[in-house]
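Chemist: Predicted model and sequence below, questions to follow.
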Amino acid sequence: MENYLEINKNSWNAKVEPHLKSDFYFVDEFLKGRTSLNSIELELLGDIKNKSILHLQCHFGQDSISLSRMGAKVTGIDLSDKAIEAGKDLARQSGTDTEFICSDVYNLPTVLDQKFDIVYTSYGTIGWLPDLEKWAGVINHFLKPEGKFIMAEFHPVVWMFDDDFTKVAYNYFNEKPIVETYEGTYADQSAPITQQYVMWNHSLAEVLDNLIKKGMQLKTFQEFDWSPYPCFRHVDEFEKGKWRIPQFGNKIPLVYALMAQKHNLR
C-alpha cells in the first residue's frame, strides 16, 4: 500500500469538520476547561508540570492542549493538515502555547529536531501504521535518556470482530493491510461522509517486542475490560464514562495501557 498515507490523510481530513461539531469531542465544554484526558492515561502521566511532551497522532490536539493545561510543554503532530489547523485554532482559543506540526510519524525525525521527557500516544493510533519497528525507533529517537513512553490504546482483540461484534472477521496478527470504505465516522455515525482507509492490526507481542528491541524497558502494562469512549457501534455505559460491548460484558479487554522507559543511548 504505497499510497496509504494519501488515502488516510484524505480520510482524516474529511473527519475534522464533523468531529469538531460532534458531542463525542465536546468542543464547547473543552474550550471552557474540560479535559479530554481519561483516568487511564492520567494515572500513568502523573505530575507533568514543566515536562516536555511529544504527542504522536494528536488529531486536532485536545489531549495535547489538555497536557499543556497541566503545565507541560507540548508538541502535537498529525498527518492531517486540516486537523493541525484546527488544533492551532483550539490552542489559540484555549490560551495555551501548545505547538502543532503536520507530519506523518515516520517522517517526523526529518522535520523536528528536539528531545522530549515524554512521548505520548492514545486510542486508535497505531492501526494506521504498517511498521511498528520503525514506529518504536521514532519513539526512541525523540526521547531523552531515561525518558518515558506512555500509551493507551484499544485492545487488538476488539479489532478481530466485525463492526456489529457478531463474528471474528479479522486476523489478530498483522497479516496484511485492511482496505475498506466506511460511511460516517466513529464520532458521528450519521455524518455524511464516505471514506476509504487503510489499516493494520497489531498484536500485543508486536507492540511490546518492537519497543523492547528499540531500547525501551517496560515499566507498566495494564488491560481494561471497558472503554472510555463509546466509539463502537454497540456499547452500553455501565458506569459514568465507562462503556462495554453488551454481549461480551467484562469478558474481553477493550483497552490496554503501558509505560516504557528509554534505558540506553541508542
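Modeler: Yes, it's here. Numbers count the residues shown, from 1 in each chain.
Chemist: which residues sit against whatever helix or strand Ala205 lives in?
Modeler: Using DSSP states H and E, Ala205 maps to helix 204-213. Residues from elsewhere that reach helix 204-213, judged by C-beta atoms under 8 Å, 6 or more residues apart in numbering: 126, 132-133, 135-136, 139, 149, 153, 156, 173-174, 218, 221, 256, 258, 260. C-beta coordinates here come from the backbone N, C-alpha and C atoms, glycine included.
Chemist: chain center to that helix, what's the gap?
Modeler: Distance of helix 204-213 from the chain centroid (C-alpha atoms, centre = their mean, to the nearest Å) equals 17 Å.
Chemist: could you give me the average pLDDT of that helix?
Modeler: On average, the pLDDT along helix 204-213 is 98.
Chemist: mind listing the strands for the chain?
Modeler: 52-55, 73-78, 99-102, 116-122, 143-154, 178-183, 194-199, 216-224, 236-239, 242-244, 255-262 (DSSP state E).
Chemist: Report the rounded mean pLDDT for stretch 257-266.
Modeler: Averaged over stretch 257-266, pLDDT sits at 83.
Chemist: Only the buried residues of it, if you could.
Modeler: Of all the residues in stretch 257-266, those buried under the rule 16 or more other C-beta atoms under 10 Å are 257-262.
Chemist: could you give the angle of the helix holding Ala205 to strand 143-154?
Modeler: Relative orientation of helix 204-213 versus strand 143-154 (axes from the mean of the first three to the mean of the last three C-alpha atoms, to 10 degrees): 170 degrees.
Chemist: and helix 204-213 with strand 216-224, angle?
Modeler: Using the same axes, to 10 degrees: helix 204-213 against strand 216-224 is 150 degrees.
Chemist: sorry, back to before: of the contacts of helix 204-213, which pair is most distant in space?
Modeler: Pairwise distances among the contacts of helix 204-213 were taken by C-beta to C-beta; the largest, 22.8 Å, belongs to Phe149 and Phe173.
Chemist: quick one, which of the two is more surrounded?
Modeler: Phe149 (26 against 13; other C-beta atoms under 10 Å).
Chemist: close enough to count as contact, that one and Ala257?
Modeler: No - using C-beta atoms under 8 Å, Phe149 is not in contact with Ala257; the gap is 11.4 Å.
Chemist: which residues sit against the longest helix seen in the chain?
Modeler: Criterion DSSP state H: the longest helix present in the chain is helix 4-21. By C-beta under 8 Å, 6+ apart, the residues outside helix 4-21 that reach it are 1, 25, 27, 59-60, 78-83, 86, 104, 128, 130, 177, 185, 187-188, 191, 193, 195-198.
Chemist: where in the stretch 101-250 of the chain is pLDDT low?
Modeler: Across the stretch 101-250 of the chain, nothing is flagged by pLDDT under 70.
Chemist: residue contacts, the spatially closest residue to Asn250 that is not a sequence neighbour?
Modeler: Leaving aside its chain neighbours, Asn250 sits nearest to Asp225 (4.2 Å; criterion: C-beta to C-beta, 6 or more residues apart in numbering). Going by C-beta under 8 Å, 6+ apart, Asp225 touches 244, 250-254.
Chemist: which among those residues end up buried?
Modeler: Neighbour-count burial (16+ other C-beta under 10 Å) applied to these gives 244, 252-254.
Chemist: In JSON lines: the residues you listed, plus distance to Leu5.
Modeler: As requested, the buried ones among the contacts of Asp225 are exported to JSON lines (distance: C-beta to C-beta, whole Å):
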{"residue": "Arg244", "distance to Leu5": "34"}
{"residue": "Ile252", "distance to Leu5": "32"}
{"residue": "Pro253", "distance to Leu5": "30"}
{"residue": "Leu254", "distance to Leu5": "28"}
